[in-house]
Every structure is written in C-alpha cells, then in structure tokens.
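Participant: Here you go, sequence then predicted model.
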Amino acid sequence: MVQPRIVPWAHENELQDLKNWFYNDGSREDMRFRAVQKVKSYQSKGTQYLPHVIDSTAQITSSVLLDEEKSACDKFSVKLSYTMSLIRFVNGLLDPTQQSQFAIPLHTLAKRVGLPSWFVDLRHWGTHERELPSLEMLRIAAKEALAWLWEHYWNDDELEEEEVSDEEENEVVEEVRQLMRMGKSIKAILAENSQHWEEESLITSSNFKIEESKPKRRGDLSPQEQIDAFVSRCRDVWKLQDDRQLFVEVCIEEYNSVLIRLMITKLSEFDQEIIRWLLRNYQDKLHATSPTTLSKKFPLWNVLERRLLNKIVTSINLKSLAQKWEAWNNLFLKHPCYLALWLCQALANRVVEDRIGFKKRRSKRRKQEPLQEVEFALFRQIDRLSQQYDDEPQLYDKMPRPVLLETSAQSDMNDILGDLASLKERLQFTKPSKILWDKHTQWQPKPFGTL
C-alpha cells in the first residue's frame with residue numbers, strides 16, 4: 001500500500017505538464033526553462049516535499065540550458081554547474097540507502113537502484129580530484145542522467161514507483177536465503193553465546209580498541225566477533241529491504257529458532273513484521289484450498305505454538321511493545337482471528353509476570369505505568385476476540401492439509417485432538433479476575449472530612 005504524503009503540486013495534471021516540458025520531442029515549443037522555474041516555485045513551499053528525482057531533473061536541465069547559453073564564453077562555470085548537479089543527483093539517490101552501521105560501498109548501492117557504476121566514479125572525480133571532468137564527459141553524463149530519470153520515473157504513466165520485478169524479487173529471496181545459511185553455519189556459536197546478542201547493544205569497549213594487525217580471517221575471529229559481524233550483516237540487509245514481508249517469508253521457509261530470536265532482538269520492527277506476516281498467513285490458511293507457506297512448515301497448531309509462537313513471544317521486548325503499542329494495537333484490530341487472541345493472551349501473561357517481578361524488585365512506579373496501560377489494552381483485546389474465536393485451533397489442524405483423509409476414524413481422531421488442544425488452551429490461559437470501573441452519573445466532588 002502506498003503511504004499518503006504531502007506534495008507541493010495541487011493536481012497530478014501539473015506533474016504531467018512538467019513531464020511534457022522537461023522531455024519535449026521537438027515538435028512543440030521549448031518549455032524546459034519554464035519547467036525549471038516551476039520546480040523552483042515548488043521548492044519555495046518546502047524542499048522536503050519535493051521528490052529528489054524532480055529536483056535533480058530540474059538541476060541537470062538547468063545545467064544543460066546554461067551550457068547552451070554560455071559554453072562559448074565561460075566553459076568553467078558550465079563545468080561547475082554540470083559537476084554539482086550530477087554530484088547531487090548521485091548523492092540524493094544513494095545516501096538514503098546508506099543506513100548501515102558500517103559504510104556500504106557506493107558501487108553496491110548504485111547496483112541496487114540500477115544506476116550505472118560509472119556515475120559513482122564521476123561523482124568521486126568531481127568531489128575529490130584537482131581537475132574537473134571534461135565538458136564532453138559531463139555532457140554525456142547529463143544526457144545519460146536525464147535518460148535514467150525518464151526510464152525510472154517520468155516514463156511511468158501514473159508516475160508511481162514500479163513494482164519489484166520477478167528478477168529483483170528472486171535476488172532478494174536469494175540474498176535472504178544466503179543470510180540464513182550464514183546464520184545456520186554459526187548457529188552453535190549463537191546458541192552458546194546467546195547472552196552476547198540478547199543484550200540491548202553490541203557496542204562494547206572492545207569495539208574501540210586500536211590494534212595494528214592484519215585483518216583476521218573468519219576462522220581467526222572470536223565467537224563474539226563472528227556474532228557481531230553476522231548481526232551487522234543482518235541489519236544491512238534488513239534496512240535495504242523494500243518488501244519486508246518477503247524477507248520474513250524467506251526466514252520462515254528457512255526456519256531456525258535461534259535466528260528468528262536473534263532477528264527479533266536485533267532488527268528494528270522485525271517483531272511487528274513477523275507478527276503481521278503470521279496473522280495474514282494464518283487467515284489465508286483458514287480460507288485456502290491448498291497448503292500455504294505457514295501450513296507447510298507448521299502443519300498442526302500445537303507444532304506452530306511450540307516451535308514458533310512461544311519463541312516469538314518470549315523474544316519480544318516489552319519496553320519496545322509499550323513504546324509502539326499503537327502500531328501493535330492496530331495490527332490486532334486489522335487481523336481479528338484466534339491467532340491474534342492467542343498472541344494477546346501470551347503477551348498479557350508476560351506483562352503480568354513482568355509486573356510481579358517489578359514489585360519484587362521495588363522498582364520505581366513510573367517505569368511500570370506504560371506496561372500497565374498495555375496490560376489493560378491487551379485484556380480489552382482478549383475480551384473482544386474471545387467472543388468470536390475460541391474454536392479455531394481445530395480449524396487450523398483440519399484445513400487444508402497436503403493429503404486429505406476422509407475416513408470416519410481420521411475425523412474422530414481429529415475431533416479428539418482438537419478437543420484436547422482446546423482444553424489445554426483454556427487451562428493454560430485462565431482469565432484473571434478484572435474489576436471494571438463505571439462512571440457514577442450523580443457524583444459530585446466534596447472536600448475530605450465532610451459528609
């Protein structure tokens with residue numbers, strides 16, 4: 001779903017006019033100067049609202065117009081204009097994706113967005129070298145940049161970002177699979193040193209020691225260094241993902257409990273994304289006529305609960321849950337089902353246990369107040385969902401299966417297993433007693449000590 005945003009134009013027809021003005025075919029009046037002026041008027045409304053591709057198109061076009069006007073008398077100013085507009089073009093495309101803890105090579109980022117790598121070399125030349133690139137080279141680069149902008153932005157009839165192609169999707173899937181294989185290769189180290197990555201931060205004093213030694217090979221790295229490198233790699237891949245639901249789906253297909261726990265602990269908002277994926281696929285399974293990704297990996301409810309759900313719930317950071325409760329609450333409201341009920345019950349149990357632990361530690365009350373609000377909200381969700389979704393574990397176990405057996409004995413056995421699972425759920429999640437306060441209609445405030 002495309003998120004709403006503020007734009008400086010009043011109607012999409014203005015954007016269509018800009019497209020025609022910047023990229024005229026020679027059959028009409030040259031309107032490029034007017035297009036540049038129009039973009040400047042948009043900038044006056046707030047540069048943060050103007051997409052980078054439109055701004056870059058205007059800047060490069062302005063350099064082209066300057067070249068056509070002054071190249072005969074002042075080549076240096078033309079070269080400066082070209083160089084600056086191209087540097088800003090490259091930086092604006094690549095800098096937003098440079099969000100890693102460690103710098104990612106610009107050539108790698110350029111490959112991700114489909115920008116020819118020589119633009120990165122040209123940017124480096126114009127930024128760091130003593131001499132500016134030649135005017136002929138800059139003219140070629142400006143022409144190629146405008147062509148790239150046309151191909152990747154302006155040539156879309158609806159002026160929307162293109163969906164990820166099958167080839168790009170396959171690249172994402174392969175990248176995540178490679179990441180999971182890397183994690184599985186050190187899963188023993190991750191399991192034995194879980195206290196290291198379960199901490200809130202991986203930054204320690206050892207990260208800042210300066211040692212004059214050759215780079216270590218992987219076999220020479222300590223377990224902590226291998227974990228740090230893997231977590232850093234996970235964060236890099238996660239931050240660059242446009243389709244995070246696809247990332248989560250591949251993680252489920254390549255399921256490993258230790259890696260799932262690590263990603264929930266260390267990747268920002270991974271917990272919400274995996275819950276969103278589970279709720280969607282759970283609802284799809286109940287209405288599907290063929291096995292889904294979730295049912296293939298976890299065919300029975302008790303398997304899903306034991307191998308995945310319990311590990312997810314115990315890995316969720318309650319402090320983060322309280323801070324982002326509005327997003328969590330909307331998630332449960334948007335996907336009402338038995339799984340949402342189960343998750344609310346499990347999270348409520350964790351919050352109650354944490355509150356009891358706070359009392360034993362005599363912690364300050366204000367630290368517990370956000371979790372108290374979350375606890376009340378979870379119980380409200382439980383009350384709402386429990387009225388409709390109490391018997392769905394049986395439905396999960398019955399529909400659909402890779403092989404369907406229609407014998408009466410199999411049906412009776414499923415009913416018995418379903419009843420036992422339902423009884424186990426009722427015993428495990430006993431609703432705590434609650435006192436609901438109602439507003440008194442005729443109450444009037446009085447000072448203490450008066451009748």
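Facilitator: Looks like it came in fine.
Participant: Contact partners for the residue nearest to R181 when sequence neighbours are not counted?
Facilitator: Excluding the flanking residues, the one nearest R181 by C-beta to C-beta, 6 or more residues apart in numbering is E254, at 7.6 Å. No exception for glycine: its C-beta is placed from N, CA and C like everyone else's. Counting by C-beta atoms under 8 Å, 6 or more residues apart in numbering, E254 makes contact with V176, R177, M180, R181, K184.
Participant: what's the closest of those residues to D284?
Facilitator: V176 (20.6 Å; C-beta to C-beta).
Participant: Name the residues of the helix or strand encompassing the closest one that come out as buried.
Facilitator: In this assignment (DSSP states H and E), V176 forms part of helix 166-185. Buried positions in helix 166-185, judged by neighbour count with 16 or more other C-beta atoms under 10 Å: V172, V176, L179, M180, G183.
Participant: Just after that helix, pick out the following helix or strand.
Facilitator: helix 187-192.
Participant: remind me, longest helix of this protein?
Facilitator: Using DSSP state H, we find that the single longest helix of the chain is helix 338-361.
Participant: Please name the nearest non-neighbouring residue to the spatially most central residue of the chain.
Facilitator: Residue closest to the mean C-alpha point of the chain, counted by C-alpha atoms, centre = their mean, is R244 at 4.9 Å. Excluding its sequence neighbours, the residue lying closest to R244 (C-beta to C-beta, 6+ apart) is E273, at 5.0 Å.
Participant: try Q381
Facilitator: C344 (4.5 Å).
Participant: W238 too?
Facilitator: Nearest to W238 is L267, by C-beta to C-beta, 6+ apart, at 4.8 Å.
Participant: got a list of what the one you found touches?
Facilitator: C234, R235, W238.
Participant: returning to what we had before: can you give the contact residues for the helix or strand containing the residue nearest to R244?
Facilitator: Using DSSP H and E, E273 falls within helix 270-287. Residues from elsewhere that reach helix 270-287 (C-beta under 8 Å, 6+ apart): 238, 244-245, 247-249, 251-252, 260, 263-264, 292-295, 308-309, 312, 315-317, 320, 324, 327-328, 331, 335, 337-340, 343, 392, 395-396, 399-400.
Participant: Please parse the chain into its domains.
Facilitator: 12-154, 163-201+221-268, 270-434 (automatic domain parsing).
Participant: Of all those domains, which one comes closest to T441?
Facilitator: Here domain 270-434 is closest among these (C-beta to C-beta), at 22.1 Å.
Participant: The closest one - what's its average pLDDT?
Facilitator: For domain 270-434, mean pLDDT rounds to 76.
Participant: List the contacts of the helix holding V176.
Facilitator: 164, 190, 230, 233-234, 237, 241, 243, 246-247, 250-251, 254, 256, 258-259, 262.
Participant: What's the ChimeraX line that selects buried ones from the residues you listed?
Facilitator: Selection of buried members from those for ChimeraX, criterion 16+ other C-beta under 10 Å:
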select :190,230,233,234,237,246,247,250,251,254,258,259,262
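Participant: Which members of the contacts of helix 166-185 occur in helices, if any?
Facilitator: L190, F230, R233, C234, V237, L246, F247, V250, C251, V258, L259, L262.
Participant: Which of the buried residues of helix 166-185 sits closest to E131?
Facilitator: V172 (40.4 Å).
Participant: now L385, what's its secondary structure?
Facilitator: helix (DSSP: H, G, I helix; E, B strand; the rest coil).
Participant: Apart from its neighbours in sequence, what residue is nearest it?
Facilitator: L341 (3.9 Å).
Participant: I figured that neighbour was touching D383, is that so?
Facilitator: No: taking contacts as C-beta atoms under 8 Å, L341 lies outside contact range of D383: 10.0 Å.
Participant: quick one, which of the two is more surrounded?
Facilitator: L341 (23 against 13; other C-beta atoms under 10 Å).
Participant: Would you mind listing the residues in contact with that one?
Facilitator: Contacts of L341 (C-beta under 8 Å, 6+ apart): Q381, I382, L385, S386, Y389, D390.
Participant: Ok, R139 next?
Facilitator: R139 touches D67, Y82, counting by C-beta under 8 Å, 6+ apart.
Participant: got it, and the one 10 residues further on?
Facilitator: Each residue near L149 by C-beta under 8 Å, 6+ apart is listed here: V53, S56, T57, I60.
Participant: What about those, which one has the most neighbours?
Facilitator: T57 (27 neighbours).
Participant: how close does that residue get to V250?
Facilitator: 36 Å (C-beta to C-beta, to the nearest Å).
Participant: re earlier: lowest-confidence member of the buried residues of helix 166-185, which is it?
Facilitator: Lowest pLDDT among the buried residues of helix 166-185: V172, 80.
Participant: Distance of that one relative to H196?
Facilitator: 29 Å.
Participant: Same question for A327.
Facilitator: 29 Å.
Participant: Looking only at neighbour counts, state which of the two leads.
Facilitator: For A327 and H196, the more surrounded residue by other C-beta under 10 Å is H196, and the numbers stand at 16 against 12.
Participant: secondary structure element for the more buried one?
Facilitator: helix 194-197.
Participant: so how far is that helix off the chain centroid?
Facilitator: 24 Å (C-alpha atoms, centre = their mean, to the nearest Å).
Participant: Show me what it is packed up against.
Facilitator: Where contact means 3 or more C-beta pairs under 8 Å, 6 or more residues apart in numbering; DSSP states H and E, helix 194-197 is packed against helix 223-239, helix 257-266.
Participant: Give me the angle between the shortest one and helix 244-253.
Facilitator: The reference is to helix 257-266. Interaxial angle of helix 257-266 relative to helix 244-253 (axes from the mean of the first three to the mean of the last three C-alpha atoms, to 10 degrees): 150 degrees.
Participant: Could I get the contacting residues of the residue nearest to S63 when sequence neighbours are not counted?
Facilitator: Ranked by C-beta to C-beta, 6+ apart and with sequence neighbours excluded, the top spatial neighbour of S63 is S81, at 4.2 Å. Neighbouring residues of S81 by C-beta under 8 Å, 6+ apart: S62, S63, L66, D67.
Participant: Output the residues you listed as TSV; include the columns pLDDT and distance to A145.
Facilitator: Below are those laid out as TSV (pLDDT from 0 to 100; distance: C-beta to C-beta, whole Å):
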residue	pLDDT	distance to A145
S62	93	13
S63	93	10
L66	92	15
D67	90	14
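Participant: Narrow the residues you listed to those that are buried.
Facilitator: Members of these classed as buried by 16+ other C-beta under 10 Å are S62, S63, L66, D67.
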